[in-house]
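**Student:** Sharing a model that was predicted from the sequence below.
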2 protein chains.
Amino acid sequence: MEAPPAAPPELEELRARLGELRDLRGVEQVLTWDQNTFMPPGGSETRAQQLGTVERLIHSKLVDPGLVRVLDALEPWAHELDPDSDEACLVRFTRRDQEKALRVPASLAEAMALEAARAYTDWLAAREAGDYARFRDSIARQVELRHQYAACFPEAGHPYDVLLDDFEPGATTAELRPLFAELVARLQPLVDAAARPDLEPNGGVFLGRFDVEEQRRAVVAILRHVGFEEQHWRLDATPHPFAQSPGPGDYRLTTRYSETDFSFVLYSSLHEFGHGLYDAGLPASLARTPLHDCASLGVHESQSRTWENFVGRSRPFCAWLLPRLRELLPGRFDGLDADAMFGAVNTVQRSLVRTESDETTYNLHVALRFELELALLEGTIDATGLPDAWNEGMARLVGVEVTSDAEGVLQDVHWGIGAFGYFPTYSLGNLMAAQMWRRVRADLTDLDDQIERGEFAPLTEWLRENVHRHGRKLRPRELLQRVTGEPLRVDPLLDYLTTKLAAAGFLAPGS
Amino acid sequence: MEAPPAAPPELEELRARLGELRDLRGVEQVLTWDQNTFMPPGGSETRAQQLGTVERLIHSKLVDPGLVRVLDALEPWAHELDPDSDEACLVRFTRRDQEKALRVPASLAEAMALEAARAYTDWLAAREAGDYARFRDSIARQVELRHQYAACFPEAGHPYDVLLDDFEPGATTAELRPLFAELVARLQPLVDAAARPDLEPNGGVFLGRFDVEEQRRAVVAILRHVGFEEQHWRLDATPHPFAQSPGPGDYRLTTRYSETDFSFVLYSSLHEFGHGLYDAGLPASLARTPLHDCASLGVHESQSRTWENFVGRSRPFCAWLLPRLRELLPGRFDGLDADAMFGAVNTVQRSLVRTESDETTYNLHVALRFELELALLEGTIDATGLPDAWNEGMARLVGVEVTSDAEGVLQDVHWGIGAFGYFPTYSLGNLMAAQMWRRVRADLTDLDDQIERGEFAPLTEWLRENVHRHGRKLRPRELLQRVTGEPLRVDPLLDYLTTKLAAAGFLAPGS
């Protein structure tokens, strides 16, 4: 094998420029983490300006003629390299980011950012008052701006593809439409068969009186077993749980505490831990480059759902967890065995709120949002018609009647922060997680016993080796193909759910 | 009166450029605040890179040829304006900042930043091991870099003036040398007369068992009376208390808790509150400009010392505080009256550690550091001789024998973060606070009664009107002159201390 051609001197300049860009992205993470955790409310105006300035700097550095020149100089060399090499990916992905940034006029980017900031205020006010009308004009203005944004990429197959690409590179409406149709068609009968309106969420096993500090101690003790360590990780409380990493060595999770239901903190922490573990598994060799990032939000979600559901709601995890919970929260889990807990945490129920829905109905909630975003963009509904369309869709897809906009069309923050095209990544994550889980189980034949013994290192190692270590070097479908040998498919998720619900006793034999 | 000449179009560009610069300074504040409070230790390498990048961006924006051009265009216009006008100050101060930045080669600035980062590691290791030798070479390298830095400003009267100017614009060695000599000569006899080695610090009135959460509740309740409000302020725990403001509306204090002595949290919080109040009093009209800042670190310290000592250790404050403490921390302050508390909190004692020293001996600690920094820079001592010089100076100036470097030459973080020339601002702050306090008392004739009634608004208003609202528009001596009608003087501090120590019963009549 021939030695690769010597790197042109511009490579060092590229790395220096990308290092700065990555540092600024990390700075953004610190600023938004702080904004969501500890910033005094009175600091919001100042913070908006700081974030605006950092975002403008990032944009100007990305489209800088110096960076164009450096990429021009490096491309011929990079074409000779193994396309999987760090350097080839670096040049390719940077050029792609730059071209996207160059297409969007600064005035439009600023208008979108400004409108998103305003939207959040409107959304909060509307949700608090349970009055959609206060948010309606913001939706209309944002949809209009998304049309302008999509028009910057006239080669896209569908305007919605342009929005999708910001969260799930390469995903298309043409791919997702049949995928969601199949998902809905196959999930609905499963929900019909398994739904238990007579039970409490999670079978009621986590209900009780829990003091916040005792919950925190318990959940940190559990997280320590799966890989959380104080040297690198934090866990704080916020109304909406999230995970964020300012950069290598610094992984921050948030969770929320209900004083009457321990399941919130338990499952949201496992979920966010999965996100954090992906960030922590990105390879040091890609640090301070744009490749030190996730492949997509869908892949990120596959990692969080792996820990929340595929591990966290499995029979062996329940068997491992139960004695620990009895020790950490004495007296609350006495009349329970592992089988009963496994059943309880897999209870299926039609419900109003996505973030509180169970694993089986969850994707029906996402299907609704995908449908509505498409309809808004295609103009088959408008901002005024959105709540009716929401309510009709909830009845048709999930089978529940919406009685208030606060628990209906206003429940999610996404449209209040300008994140149109984001929702589908949740279902993509679930599908990919199921496909990868099948491969995990084939590779780690002892997995159930490992989990029941609390040995999570082999699973972590597998995820690191097969998923995390690629960072952003592979596009999501390519990553999935390499990990599983398959394209994106619905079967594995449905098989997994059906098998589990049957094992948990929620499906009549042969149903 | 003629209307001022119309602003050239470059003014808007100046404001845009300075707004970005100010935002980045605010971002730095968030990054360092986070670093000192909640960042997982494993994030330190990432954070150092982020701070380095932001600092480089600030420097490059300050020396940008575009900013040179804008200032060139604005200067003739600015010269026609009232020199006190915001616009004239903006042009003048920006030019000054730019000229300083242009004098220092980027390579030297980077070497200083890098060496300072390394110094911190060395200092921590040396202090932990109580072994100065681990810090010695770092001191030597830093002093050498400070020589190179000073050489960038050959017009300075003394190399140390260049270091001083970064913290206290316009301060000179020629001014400070006689000032410290007089301060030492007059403080020493006062300490001789008043020192009470037989008593506990603060007369022992704050000793006891205090749970951290109960201390926190108590001190926040007290701070609320003086002006702390959750909408805009935070109070967190750190090993070294500090105050920081990321920008308008966001003021963050830290404190530290001793479980056996409530005085730490009480007085450090009042001190940091004074800093925060200065930041909160900067005028909105100067927001997002380099004038939205303190006049100097000495002036900043004058504000913190006003609340910690001039208010916090006064007889009327003790009378107001005592009943509140009895309510907030039941059972701890029963056998005490306001006079006894006033005496206790003004106890004078020779001690080893600056940050734990009382108000009267404090400036002797600073005088030692000023002397040693000068000697290092003048070459009359070197890094190897520093601990002996420290110990000799402590015996001569403070009258105590140093038994360990950890409580001696290694006690302060300043030389471990490259802050040479910073220490004198502590004494300048004390002197200015005393001079301003005299003026406060002349203007607010009812001040003692107000404080005893817990009415702090008139004092806050006075400070805002006379000090805070000028931001960085006035240089420190000019500000002092306008506020007090005087140049910097030693008398007011000495008179204040002597009067108070006499009233507290620590000076024999006529001493």
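**Tutor:** Received it, and whenever you're ready, just let me know what you need.
**Student:** only C-alpha atoms for contact and neighbour calcs from this point on.
**Tutor:** OK.
**Student:** residues in the stretch 1-150 of chain A within reach of chain B, list them.
**Tutor:** By C-alpha under 8 Å from any C-alpha of the partner chain, the residues of the stretch 1-150 of chain A that approach chain B are A:20, A:23-24, A:26-27, A:30-31, A:39-46, A:49-50, A:53-54.
**Student:** of those, buried ones?
**Tutor:** A:20, A:23-24, A:26-27, A:30-31, A:39-40, A:42-44, A:46, A:49-50, A:53-54 (16 or more other C-alpha atoms under 10 Å in any protein chain shown).
**Student:** burial count for residue A:200?
**Tutor:** 15 (other C-alpha atoms under 10 Å in any protein chain shown).
**Student:** Report the separation between it and residue A:184.
**Tutor:** With the distance defined as C-alpha to C-alpha, to the nearest Å, residue A:200 ends up 24 Å from residue A:184.
**Student:** Then residue A:421?
**Tutor:** With C-alpha to C-alpha as the criterion, residue A:421 and residue A:184 are 19 Å apart.
**Student:** Equivalent analysis for residue A:211, please.
**Tutor:** 39 Å.
**Student:** which of these two has more neighbours?
**Tutor:** residue A:184 (21 against 13).
**Student:** which ones are touching the closest residue to residue A:414 other than its chain neighbours?
**Tutor:** Closest residue to residue A:414 apart from its sequence neighbours, by C-alpha to C-alpha, 6 or more residues apart in numbering or on different chains: residue A:420 at 7.0 Å. Contact analysis of residue A:420 by C-alpha atoms under 8 Å, 6 or more residues apart in numbering or on different chains lists A:163-164, A:373, A:414.
**Student:** List the contacts of the residue of the stretch 351-500 of chain A found nearest chain B.
**Tutor:** Per C-alpha to the nearest C-alpha, residue A:471 is where the stretch 351-500 of chain A lies closest to chain B, at 17.5 Å. The contact partners of residue A:471, by C-alpha under 8 Å, 6+ apart, come to A:282-283, A:286, A:291-295.
**Student:** Can I get the residues you listed in TSV including neighbour count, distance to chain B and pLDDT?
**Tutor:** Shown next, in TSV, are those (neighbours: other C-alpha atoms under 10 Å in any protein chain shown; distance: C-alpha to the nearest C-alpha, whole Å; pLDDT from 0 to 100):
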residue	neighbour count	distance to chain B	pLDDT
A:282	24	14	98
A:283	18	14	97
A:286	19	13	97
A:291	24	16	97
A:292	24	13	97
A:293	22	15	97
A:294	24	18	98
A:295	24	21	98
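**Student:** Which member of these is positioned nearest residue A:173?
**Tutor:** Residue A:173 has its nearest neighbour among these in residue A:295, at 19.0 Å by C-alpha to C-alpha.
**Student:** does that closest one count as helix, strand or coil?
**Tutor:** coil (DSSP: H, G, I helix; E, B strand; the rest coil).
**Student:** Ignoring the adjacent residues along the chain, who's closest to it?
**Tutor:** Distances taken as C-alpha to C-alpha, 6+ apart put residue A:472 closest to residue A:295, at 4.3 Å, once the chain neighbours are dropped.
**Student:** right, and the one you found touches residue A:292 too?
**Tutor:** Yes: using C-alpha atoms under 8 Å, residue A:472 is in contact with residue A:292, at 6.3 Å.
**Student:** And for residue A:135, the neighbour number?
**Tutor:** 23.
**Student:** tell me the contacts of it?
**Tutor:** Taking C-alpha under 8 Å, 6+ apart as the test, what residue A:135 contacts is A:119, A:122-123, A:126.
**Student:** Once you drop chain neighbours, what's closest to residue A:310?
**Tutor:** Per C-alpha to C-alpha, 6+ apart, closest to residue A:310 is residue A:437, 7.5 Å.
**Student:** any idea which element that neighbour lies in?
**Tutor:** If you go by DSSP states H and E, residue A:437 is part of helix A:424-443.
**Student:** Can you name the next helix or strand after that helix?
**Tutor:** Downstream of helix A:424-443, the first helix or strand assigned by DSSP H and E is helix A:447-452.
**Student:** for that following helix, packing partners?
**Tutor:** Secondary-structure packing of helix A:447-452 (3 or more C-alpha pairs under 8 Å, 6 or more residues apart in numbering or on different chains; DSSP states H and E): helix A:315-328.
**Student:** buried sites along the helix it packs on?
**Tutor:** A:315-322, A:324-325, A:328.
**Student:** which strands and helices sit next to it?
**Tutor:** Packed on helix A:315-328, when contacts are counted by 3+ C-alpha pairs under 8 Å, 6+ apart, are helix A:212-226, helix A:338-344, helix A:447-452.
**Student:** what is the orientation angle of the helix or strand encompassing residue A:479 with helix A:424-443?
**Tutor:** Assigned by DSSP H and E, residue A:479 belongs to helix A:476-484. Counting by axes from the mean of the first three to the mean of the last three C-alpha atoms, to 10 degrees, helix A:476-484 lies at 20 degrees to helix A:424-443.
**Student:** Packing partners of whichever helix or strand comes after helix A:476-484?
**Tutor:** Heading C-terminal from helix A:476-484, the first helix or strand you meet, by DSSP H and E, is helix A:491-503. Counting contacts by 3+ C-alpha pairs under 8 Å, 6+ apart, helix A:491-503 is packed against helix A:173-194, helix A:424-443.
**Student:** Buried residues in helix A:491-503, which are they?
**Tutor:** Taking 16+ other C-alpha under 10 Å as the criterion, helix A:491-503 shows A:492-494, A:496-498, A:500-502 as buried.
**Student:** Just the CA coordinates for it, please, in CSV.
**Tutor:** What follows is helix A:491-503, C-alpha atoms only, in CSV (Å, rounded to 0.1, in the frame of the first residue of the first chain):
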residue,chain,number,x,y,z
ASP,A,491,-39.8,-4.4,11.6
PRO,A,492,-37.2,-4.5,14.4
LEU,A,493,-39.0,-2.0,16.5
LEU,A,494,-42.3,-3.7,16.0
ASP,A,495,-40.8,-7.1,16.7
TYR,A,496,-39.1,-5.8,19.9
LEU,A,497,-42.3,-4.2,21.2
THR,A,498,-44.5,-7.2,20.4
THR,A,499,-42.1,-9.6,22.0
LYS,A,500,-41.7,-7.5,25.1
LEU,A,501,-45.5,-6.8,25.5
ALA,A,502,-46.2,-10.5,25.2
ALA,A,503,-43.5,-11.3,27.7
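**Student:** who touches it?
**Tutor:** Helix A:491-503 is contacted by residues A:186-187, A:190, A:194, A:346, A:360, A:430-431, A:434-435, A:438, A:507-509 when judged by C-alpha under 8 Å, 6+ apart.
**Student:** Just confirm residue A:254 is within a strand.
**Tutor:** Yes: with three-state DSSP as the criterion, residue A:254 is assigned to a strand.
**Student:** Look up which residues are beta-bridged to it.
**Tutor:** Beta bridges link residue A:254 to residue A:236 when assigned by DSSP bridges.
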